[in-house]
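*Asks:* Sequence first, then the predicted structure, then my questions.
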Amino acid sequence: MARIHVPIRLRWSDLDAYGHVNNAEMLRLLEEARIQAFWVAEDDFDLGIEGEAIGGRGPAVLDGRPGAATLSLIARQEVEYLAPVPYLRRPLDVQLWVGRLGGASLEICYEVRSPVGVEPNVLFARAATTLVLVDAVTERPRRISDLERAAWSPYLEQPVAFTKRG
């Protein structure tokens, strides 16, 4: 099981009046982890033919800069909150993997866990985001490139199994 582990620090402002991470802030934490995992860092960026990112490490192959040839748009998000996340000084361990690779979209899956090394290890939330790759000029979905498919395939595993609703 190949997962990407992204340490995400909490901010004091992420807490709500109950003293735990607000549900809306959880989406920001997931966004931050997704960007760190899948977008090429500015200082690592190397442009290839037709502006396709080739300088990323691991799954980081998307160009998220303004003016990029591809937009990555969220089509769907689902979060299942399993335990309140208190303020922690050590970064949360956000684990990411690809639950599905389609023609123009992929499903990014997450588990938000206690900081690495903290026992007991608590699973605070599980989530999934469907991301669609869109050509910035035509504003139409575009196919996942061979480069992107090769970068993301090693992280492909079963999608998040959300608790069944009764």
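*Replies:* Nice, thanks for sending it over.

*Asks:* Thought residue 62 was touching residue 151, still the case?
*Replies:* No - Residue 151 lies out of contact with residue 62 (CB atoms under 8 Å); the separation is 9.3 Å. All C-beta spots, glycine's among them, are computed from the backbone N, C-alpha and C.

*Asks:* Please, where are all the helices along the protein?
*Replies:* Remark: helices assigned in the chain by DSSP state H are 23-38, 146-152.

*Asks:* got a list of what residue 120 touches?
*Replies:* residue 114 (CB atoms under 8 Å, 6 or more residues apart in numbering).

*Asks:* State the pLDDT value of it.
*Replies:* Confidence at residue 120, expressed as pLDDT, is 94.

*Asks:* Kindly report the same for residue 111.
*Replies:* 97.

*Asks:* gap between it and residue 20?
*Replies:* Distance of residue 111 to residue 20, given as CB to CB, to the nearest Å: 18 Å.

*Asks:* Count the neighbours of residue 91 for me.
*Replies:* 13 (other CB atoms under 10 Å).

*Asks:* Just confirm it contacts residue 7, I think it does.
*Replies:* Yes - if you go by CB under 8 Å, residue 91 and residue 7 touch, sitting 3.6 Å apart.

*Asks:* okay, residue 91: pLDDT?
*Replies:* 96.

*Asks:* How about the one 10 residues further on?
*Replies:* At residue 101, the pLDDT value in this model is 97.

*Asks:* if we can go back for a sec, and for residue 91 and residue 7, which residues touch both?
*Replies:* Joint contacts of residue 91 and residue 7 (CB under 8 Å, 6+ apart) are residue 115.

*Asks:* Now do stretch 138-152: everything it contacts.
*Replies:* Counting by CB under 8 Å, 6+ apart, residues outside stretch 138-152 touching it are 52-54, 56, 58-62, 70-71, 98, 101-106, 132-135.

*Asks:* and with 10 Å instead?
*Replies:* 38, 48, 52-54, 56-62, 69-71, 73, 75, 97-98, 101-106, 108, 132-136, 156 (CB atoms under 10 Å, 6 or more residues apart in numbering).

*Asks:* Tell me the buried residues in that stretch?
*Replies:* Residues 141-142, 144, 148, 151-152 are the ones in stretch 138-152 that count as buried (16 or more other CB atoms under 10 Å).

*Asks:* Flag the shaky bits of this structure, pLDDT-wise.
*Replies:* 1, 42-57, 165-166 (pLDDT under 70).

*Asks:* Name the residue closest to the centre of it, please.
*Replies:* Centroid-nearest residue in the chain, with CA atoms, centre = their mean: residue 34, separated by 2.4 Å.
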